[in-house]
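Peer 1: how would this look folded up:
(one chain, ligands or ions: 3)
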Amino acid sequence: MYALVFHGAGQRAWEQKPRPQIQDATDAVVRITTSTICGTDLHILKGDVPTVTDGRILGHEGVGVVEEAGAGVTGVRKGDKVLISCITSCGTCDFCKKGMYSHCRRGGWILGNTIDGTQAEYVRIPHADNSLYPLAADADEEAMVMLSDILPTGFECGVLNGQVKPGDTVAIVGAGPIGLAALLTAQFYAPAEIVMIDLDENRLRVARSLGGTQTVNSSDGQAVQKVMDLTAGAGVDVAIEAVGIPATFDICQAILAPGGRLANVGVHGKPVELHLERLWAHNVTLTTRLVDTVTTPMLLKLVRAGRLQPKALVTHRFALADVMKAYDTFGNAAKERALKVILQCT
Ligand SMILES: NC(=O)c1ccc[n+]([C@@H]2O[C@H](COP(=O)([O-])OP(=O)(O)OC[C@H]3O[C@@H](n4cnc5c(N)ncnc54)[C@H](O)[C@@H]3O)[C@@H](O)[C@H]2O)c1
Ligand SMILES: [Zn+2]
Ligand SMILES: [Zn+2]
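Peer 2: Ligands and ions are numbered 1, 2, ... in the order given. Next comes the predicted model:
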């Protein structure tokens with residue numbers, strides 16, 4: 001089969017690899033029909049994720065058809081259309097029993113990281129019963145593949161941890177796919193205002209079309225002042241950090257109202273300075289989370305019912321065999337106006 005293979009920082013190739021086989025009775029092999037590229041894949045290509053080694057097939061998002069199921073798999077069988085979760089989980093270890101699939105003793109984020117991933121014609125999925133979700137044969141794959149990673153991430157790490165409530169003023173710093181996923185799912189709770197903050201005018205325009213009530217372009221370094229002006233000096237009830245750099249974490253901590261919640265989603269490579277000299281008396285809550293994908297069944301219901309429309313995040317489509325070109329486009333997201341890039345394999 002063909003797959004997108006990582007060969008060290010800055011090096012990737014579309015090349016032949018052996019087709020994956022069942023290794024354990026709880027595995028399934030899935031033929032990929034739709035996949036996509038994540039910002040995390042770009043981090044890997046920069047060499048930021050040392051657990052990913054030379055020869056690894058990238059990708060942790062996908063929809064496909066079960067090609068073969070191990071003898072111990074009961075929830076899916078050959079021919080079933082399935083959604084692949086970016087988090088692999090056994091469902092039985094102590095962390096899984098707490099609903100913390102991201103820290104599963106036998107899984108977690110392993111796809112396209114420590115085992116071969118989904119930007120390939122076939123992928124082996126361990127613990128298939130807990131890591132795959134059956135889909136209807138006619139399910140909209142482009143909408144569904146948004147549930148592999150970005151929708152549960154924006155919802156669990158941003159909206160749930162931020163405890164968005166009716167009437168809240170919410171700020172989301174970063175209008176990339178994850179920030180926009182938080183924007184879509186924050187609206188389940190009817191906040192009064194959702195202020196979207198980014199450097200990219202195109203992404204802010206998309207954010208307005210998806211329910212952002214105010215947008216702030218932070219390229220002039222005045223984001224904090226602008227948010228304080230927009231909230232008549234009060235600040236926000238919830239600040240969701242969806243970028244992963246000190247500058248955006250700083251914006252979040254500076255705009256929190258008393259009683260506010262700061263929900264960090266971004267993957268940080270550098271330390272940040274926590275301003276306890278101001279926040280100690282502010283009754284704030286700070287949360288972090290690696291996505292667990294425990295809300296995937298609920299999100300699937302909302303997509304099926306048409307109440308959640310994540311397909312709005314798709315901007316480009318490529319054949320899986322053109323994944324090298326797709327990476328070039330996604331890697332120049334601002335210039336190409338790219339959000340999610342679909343990879344199709346029929
Ligand atoms: N916690 C988790 O489990 C988890 C899971 C997946 C992704 N992530 C992380 O979430 C973050 C967002 O992911 P994404 O795919 O949307 O990334 P992205 O790079 O597509 O989007 C980030 C956005 O931030 C904007 N930005 C950059 N600097 C800014 C600044 N100074 N002020 C305002 N905006 C700024 C960019 O213009 C861009 O639109 C990343 O750090 C990613 O690694 C976390
Ligand atoms: Zn991802
Ligand atoms: Zn587990």
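
Peer 1: neighbouring contacts of the least confident helix or strand in the chain by mean pLDDT?
Peer 2: Ranked by mean pLDDT, DSSP states H and E, the helix or strand of the chain with the weakest confidence is helix 39-46, at a mean of 93. The contact list for helix 39-46 (CB atoms under 8 Å, 6 or more residues apart in numbering) reads 6, 9-10, 12, 49, 52, 58-60, 112-113, 119, 176-178, 267, 327, 330-331. For the C-beta atoms, the positions are set from N, CA and C on the backbone; glycine is no exception.

Peer 1: point to the residue nearest the middle of this structure.
Peer 2: Taking CA atoms, centre = their mean, the centroid of the chain lies closest to residue 150, which sits 2.5 Å from it.

Peer 1: from the contacts of helix 39-46, which would you call buried?
Peer 2: With burial judged by 16 or more other CB atoms under 10 Å, the buried subset of the contacts of helix 39-46 is 6, 12, 49, 52, 58-60, 112-113, 119, 176-178, 327, 330.

Peer 1: next, the buried residues of the least confident helix or strand of the chain.
Peer 2: Buried-residue list, helix 39-46, by 16+ other CB under 10 Å: 39, 40, 41, 44, 45.

Peer 1: keep the residues you listed, but drop any that are not near ligand 1.
Peer 2: By CB under 6 Å from any ligand atom, the members of the buried residues of helix 39-46 lying near ligand 1 are 39, 40.

Peer 1: of the buried residues of helix 39-46, closest to residue 188?
Peer 2: The shortest approach to residue 188 among those belongs to residue 39, at 23.6 Å (CB to CB).

Peer 1: would stretch 204-213 count as contacting ligand 1?
Peer 2: No - no part of stretch 204-213 sits near ligand 1 under the criterion CB under 6 Å from any ligand atom; the closest distance found is 8.9 Å.

Peer 1: off-centre distance for the very next helix or strand once past the least confident helix or strand of the chain?
Peer 2: Scanning forward in sequence from helix 39-46 by DSSP states H and E, the next helix or strand is strand 62-69. Strand 62-69 sits 21 Å away from the centroid of its parent chain (CA atoms, centre = their mean, to the nearest Å).

Peer 1: can strand 62-69 be found next to ligand 2?
Peer 2: No - contact between strand 62-69 and ligand 2 is absent, the nearest approach being 11.3 Å (criterion: CB under 5 Å from the ion).

Peer 1: can you tell me what sits against that strand?
Peer 2: For strand 62-69, the surrounding residues in contact (CB under 8 Å, 6+ apart) are 22, 27-36, 76-84, 118, 122-123, 128, 132, 135, 139, 141, 144-145, 148.

Peer 1: was I right about residue 202 contacting residue 336?
Peer 2: No - contact criterion CB atoms under 8 Å: residue 202 and residue 336 do not qualify, at 9.9 Å.

Peer 1: that older thread, out of the contacts of strand 62-69, which are inside helices?
Peer 2: If you go by DSSP state H, the contacts of strand 62-69 have 128, 141, 144 in helices.

Peer 1: how about the residues of the stretch 101-250 of the chain near ligand 1?
Peer 2: Where the stretch 101-250 of the chain comes near ligand 1, counting by CB under 6 Å from any ligand atom, the residues are 149, 153, 157, 173-179, 197-200, 203, 218, 242-244, 247-248.

Peer 1: let's go with 8 Å and repeat that
Peer 2: Neighbours of ligand 1 within the stretch 101-250 of the chain, by CB under 8 Å from any ligand atom: 102, 109, 149-150, 153, 156-157, 173-181, 197-200, 203, 218-219, 223, 242-245, 247-248.

Peer 1: which ones among the residues you listed lie within strands?
Peer 2: In this view, these that belong to strands under DSSP state E are 173, 197, 198.

Peer 1: of those residues, closest to ligand 1?
Peer 2: Minimum distance to ligand 1 across these is 4.3 Å, recorded for residue 198 (CB to the nearest ligand atom).

Peer 1: excluding residues flanking it in the chain, which one is nearest the closest one?
Peer 2: Leaving aside its chain neighbours, residue 198 sits nearest to residue 175 (3.9 Å; criterion: CB to CB, 6 or more residues apart in numbering).

Peer 1: in this structure that neighbour contacts residue 201, no?
Peer 2: No - between residue 175 and residue 201 there is no contact under CB under 8 Å: 10.1 Å.
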